[in-house]
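In: Build the 3D model from these lines:
(2 chains, ligands or ions: 2)
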Amino acid sequence: MLKINNLQASIEEKEILKGINLDIKPGEIHAIMGPNGSGKSTLASVLAGRADYEVTGGTVEFMGKDLLELSPEDRAKEGLFLAFQYPVEIPGVSTTNFIKSAVNEKRKYLGLEPLDAAQFLRNMKEKMKLVEIDQSLLSRSLNEGFSGGEKKRNEIFQMAMLEPKLAILDETDSGLDIDALRIVANGVNQLRTKDNAFLVVTHYQRLLDYIVPDFVHVLYKGRIVRSGTKELAKELEVKGYDFIKAEVDQELA
Amino acid sequence: MHEENDDILEQITSSEYKYGFVTDIEADEAPKGLSEDTVRFISAKKNEPAWMLDYRLKAYRHWLTMEEPKWPNVEYPPINYQDIIYYSAPKQKIAPDSLDDIDPELRKTFEKLGISLNEQKRLTGVAVDAVIDSVSVATTFKEELSKVGVIFCSMSEAIQEHPDLIKKYLGSVVPATDNYFTALNSAVFSDGSFCFIPKGVRCPMELSTYFRINAANTGQFERTLIVAEDEAYVSYLEGCTAPMRDENQLHAAVVEIVAMEKAEVKYSTVQNWYPGDKEGKGGIYNFVTKRGICAGAHAKISWTQVETGSSITWKYPSVILKGDYSIGEFYSVAVTNNFQQADTGTKMVHLGKNTKSRIVSKGISAGKSQNSYRGLVSVAKNAGNARNFSQCDSLLLGDKCGAHTFPYIEVKNNTAVVEHEATTSKIGEDQIFYCNQRGIDTETAVALIVNGFAKEVMNQLPMEFAVEAQKLLAISLEGSVG
Ligand SMILES: Nc1ncnc2c1ncn2[C@@H]1O[C@H](COP(=O)(O)OP(=O)(O)O)[C@@H](O)[C@H]1O
Ligand SMILES: [Mg+2]
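Out: Ligands and ions are numbered 1, 2, ... in the order given. Next up is the predicted model:
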């Protein structure tokens, strides 16, 4: 589904991603872990097509297409979703209205008729239950004045509405209390099918107790330095990142 | 990558003005230039009574003693008032006896603008007075309205048919001497709309006037007068467009509203005059004076405006709150793009006790445009317990445009509560990217964000026009973040 080959990217002349390789197949959940500043959000942003980042090398194939050739909106409509680490606020635009535009843009791209109001509403109700989000929240301006937890749940709600093939969750767990964490994880688990995949970016092992990954990768200094199963995450939990840092820095030296 | 984004925005903000066509129709015109003879010419064309000519001549003589205001935050080369044609009427039997007699070319023109002069095709329940250049060419639903006592007709007709009402109210809210452009308008105005809602009547449909400038080198000077007697209600809408021309054209209108005890007048404007091209060439100078008076207790006047057109806009729809417990409202969205300049706002003059006013101004600037809010809230000595709330928000698209706020507050009674809030924000790349990531392209994202920003004002528009106005906002902004 997603094949990243030797991906390099920089921002403001500074090289951040130094050759990423990653292969994600339908039905899989991959976790990316790593210390702050290692390039996790950069990877997510580059995949989503943020213009600030310059891709300096490598290839990315998504559903058989050259992802890097597509505009950010076409990537989204092809089925790539990013749950933002810091969701933005859009005053005066309700989440309901926003997600309706998004859903219908995608349908248009796929050659489908826009959803009628009743269908859309039914769909929304169902997905609201999934992430235990309230109608009143969705009627308010998008993310404006939302608590940290509400913003993250709203991201997962949007994901549920858009039914992406590949969802990248960028530290969706950070800043969540245990209840919110369970709701988010529960949402992801229910949305999981054999045809879609998740790339879960997290700083902590905690989330992986709820969303069990098939593979865990450690990103450090712009490279994937270790890959393994969920046991790797457990090891990191015990030993911290320092032991990997030490090992890798020694290898690089 | 930044540049790419700019390009997209560039494209979005540079879509073409849709109403720039010219109707090829013979016109009956006054010779270029302004003199007492011009004033007499216009008055004679309209077969006006002596008192009207007298009113015009007085205004003209006063105008000669005045100077063009220089305080607005706008710049333009001096206007040559001798280079303007002050009267231009399409050659047809003016004020045709029946709507069927309207020149088909004119009918087509209005149809192209989305205005139906056909009463059978009543889609929205709106009565229309259609004004092209200097004259009204048709007014629909006159008969139906007259059944409930509502007078809705062109100003020319009102001067002939309802002289007592015109004598009583014309210039009663905006005197000819008020300012340079009102003096000019009072001297040379050639048409406009008159509506009169008698005591206790709720006007059964929306009334609207559609202004179209067609002829080259002409100025449009229209005059609108709305009188709502005790406990009357009317919602009125004004729309305007003009062809694309390289020369600037002057539009200097005067609108007066009188609301008596417990009367309510809601006046909405969707102003889409030709804004000039991307280089700032051409466009309408929109120098307009609009004022209403809440003459009786519990009267309410509400101005809502969506200003997207004109190369220069200079207008301050105002309310004089004379009646106790009267209410004045001003809701405004002003969009400027490319080289447009807008200096707009309101005056709320609290004279009566327990009067309230509310100002919501949303300025959106893009391109190299300048957008200023200028507002005055004044509370007179005897206006006990006056309340005002003002909210002035500016949204910038790109970094070559400007937003300015000039709020003036004059309070002479210490029981007044006057609140003013102002914010300035930019459409962020973060917001656009967020929308992009959800599959919403940049053009649609800008429209979404701008409409969100302007929502509080757009919500005030009559339903029939809100959707059109939303689209207009998006179109006027095509091309502007970075
Ligand atoms: N806009 C930016 N300008 C300059 N440097 C940036 C920018 N964004 C991120 N970086 C740098 O890129 C590196 C990786 O950041 P990021 O991808 O956010 O890491 P992570 O998500 O793993 O914490 C950091 O050194 C950070 O300082
Ligand atoms: Mg991060």
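In: Tell me where the stretch 101-250 of chain A has helices.
Out: A:117-130, A:135-139, A:148-162, A:178-191, A:230-239, A:242-252 (DSSP state H, counting those that start in this stretch).
In: Quick one, which of the ones you listed gets closest to residue B:203.
Out: With CB to CB as the measure, helix A:117-130 is the member of those nearest residue B:203 (31.7 Å). Yep, even glycine has a C-beta here, placed from its N, CA and C like the rest.
In: In space, what's closest to residue A:40 - neighbours in sequence excluded?
Out: Leaving aside its chain neighbours, residue A:40 sits nearest to residue A:201 (4.7 Å; criterion: CB to CB, 6 or more residues apart in numbering or on different chains).
In: contacting residues for the one you found?
Out: A:31-33, A:40-41, A:43-44, A:85, A:168-171 (CB atoms under 8 Å, 6 or more residues apart in numbering or on different chains).
In: Pick out whichever of those residues sits closest to ligand 2.
Out: Closest approach to ligand 2 among the contacts of residue A:201 (CB to the ion): residue A:41, at 3.1 Å.
In: can you tell me the helix or strand for that closest one?
Out: Under the criterion of DSSP states H and E, residue A:41 resides in helix A:40-48.
In: quick one: contacts of the helix or strand that that helix is followed by?
Out: Next in sequence after helix A:40-48, counting helices and strands by DSSP H and E, comes strand A:54-62. For strand A:54-62, the surrounding residues in contact (CB under 8 Å, 6+ apart) are A:1-11, A:15, A:19-20, A:46-47, A:66-68, A:70, A:75, A:78, A:80, A:166, B:1.
In: how close does the one residue in the stretch 201-350 of chain B that gets nearest to chain A get to ligand 1?
Out: As assessed by CB to the nearest CB, chain A sits closest to residue B:333 within the stretch 201-350 of chain B, at 11.6 Å. Computed as CB to the nearest ligand atom, to the nearest Å, the residue B:333 to ligand 1 distance reads 33 Å.
In: For that residue, give me its contacts.
Out: B:305-307, B:362-364, B:454, B:457-458, B:473.
In: can you tell me which of those are in strands?
Out: Of the positions in those, B:305-307, B:362-364 sit in strands, assigned by DSSP state E.
In: so which of those comes closest to ligand 1?
Out: residue B:364 (27.1 Å; CB to the nearest ligand atom).
In: The closest one: how many residues sit nearby?
Out: Residue B:364: 30 surrounding residues under other CB atoms under 10 Å in any protein chain shown.
In: hmm, back to that, near ligand 2, which of the contacts of residue A:201 show up?
Out: Within the set of the contacts of residue A:201, contact with ligand 2 (CB under 5 Å from the ion) is found for A:40-41.
In: Could you export the contacts of residue A:201 as JSON lines, including pLDDT?
Out: Output for the contacts of residue A:201, formatted as JSON lines (pLDDT from 0 to 100):
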{"residue": "A:31", "pLDDT": "95"}
{"residue": "A:32", "pLDDT": "96"}
{"residue": "A:33", "pLDDT": "94"}
{"residue": "A:40", "pLDDT": "95"}
{"residue": "A:41", "pLDDT": "95"}
{"residue": "A:43", "pLDDT": "97"}
{"residue": "A:44", "pLDDT": "97"}
{"residue": "A:85", "pLDDT": "92"}
{"residue": "A:168", "pLDDT": "97"}
{"residue": "A:169", "pLDDT": "96"}
{"residue": "A:170", "pLDDT": "95"}
{"residue": "A:171", "pLDDT": "92"}
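In: With ligand 1 as the reference, measure out to residue A:252.
Out: 16 Å.
In: Let me see the contact set for that residue.
Out: Neighbours of residue A:252 in contact, by CB under 8 Å, 6+ apart: residue A:221.
In: do the same with residue B:421
Out: The contact partners of residue B:421, by CB under 8 Å, 6+ apart, come to B:390-392.
In: The most centrally placed residue in chain A pairs with what?
Out: Centroid-nearest residue in chain A: residue A:168, 1.8 Å away (criterion: CA atoms, centre = their mean). Here residue A:168 sits in beta bridges with residue A:82, residue A:199, going by DSSP bridges.
In: what sits against it?
Out: A:44, A:47-48, A:80-83, A:198-199, A:201.
In: quick one: which of those is most hemmed in?
Out: Going by other CB under 10 Å, residue A:82 tops these with 29 neighbours.
In: I'd like to know how far residue B:66 sits from ligand 2.
Out: Counting by CB to the ion, to the nearest Å, the gap between residue B:66 and ligand 2 amounts to 64 Å.
In: Look up the closest residue to that residue, ignoring the ones flanking it.
Out: Setting aside the residues directly before and after it, residue B:66 is nearest to residue B:180 in space (CB to CB, 6+ apart), at 4.8 Å.
In: need the contact list for the one you found.
Out: Residue B:180 neighbours (CB under 8 Å, 6+ apart): B:63, B:66-69.
In: Please see if stretch A:155-175 touches ligand 1.
Out: No - residues of stretch A:155-175 are not located near ligand 1 by CB under 6 Å from any ligand atom, the shortest gap being 7.2 Å.
In: er, stretch A:234-249 actually
Out: No - with CB under 6 Å from any ligand atom as the criterion, ligand 1 is not reached by stretch A:234-249; the gap is at least 11.2 Å.
In: of all of the stretch 151-253 of chain A, which residue lies closest to ligand 1?
Out: Counting by CB to the nearest ligand atom, the stretch 151-253 of chain A gets nearest ligand 1 through residue A:219, at 6.6 Å.
In: Which per-residue confidence value corresponds to the nearest residue to that residue once chain neighbours are set aside?
Out: Spatial nearest neighbour of residue A:219, excluding adjacent residues (CB to CB, 6+ apart): residue A:34 at 3.8 Å. Residue A:34 carries a pLDDT value of 91.
In: Run through the residues that contact the closest residue to residue A:109 other than its chain neighbours.
Out: Once flanking residues are discounted, residue A:109 sits nearest to residue A:77: 4.0 Å by CB to CB, 6+ apart. By CB under 8 Å, 6+ apart, the contact list for residue A:77 reads A:105-106, A:109-110, B:439.
In: Packing partners of the longest strand seen in chain B?
Out: Scanning chain B for the strand with the most residues, using DSSP E, yields strand B:283-294. Contacts defined by 3 or more CB pairs under 8 Å, 6 or more residues apart in numbering or on different chains; DSSP states H and E place strand B:283-294 against helix B:180-188, strand B:248-251, strand B:254-259, strand B:264-271, strand B:300-307, strand B:312-315, strand B:318-321, strand B:327-336.
In: wait, isn't the residue nearest to residue A:219 in contact with residue A:248?
Out: No - between residue A:34 and residue A:248 there is no contact under CB atoms under 8 Å: 10.7 Å.
In: Any idea how many residues pack against residue 109?
Out: Since you didn't name a chain, this refers to chain A. 14.
In: Correction: the question concerned chain B.
Out: By other CB under 10 Å, neighbour count at residue B:109 equals 23.
In: still on that earlier bit, now the contacts of residue A:201: which count as buried?
Out: Burial by neighbour count, judged by 16 or more other CB atoms under 10 Å in any protein chain shown, picks out A:31-33, A:40-41, A:43-44, A:85, A:168-171 from the contacts of residue A:201.
In: List just the nearest of the residues you listed to residue B:155.
Out: Checking those one by one against residue B:155 (CB to CB), the nearest turns out to be residue A:85, at 61.2 Å.
In: If anything else comes up later, I'll come back, but that's it for now.
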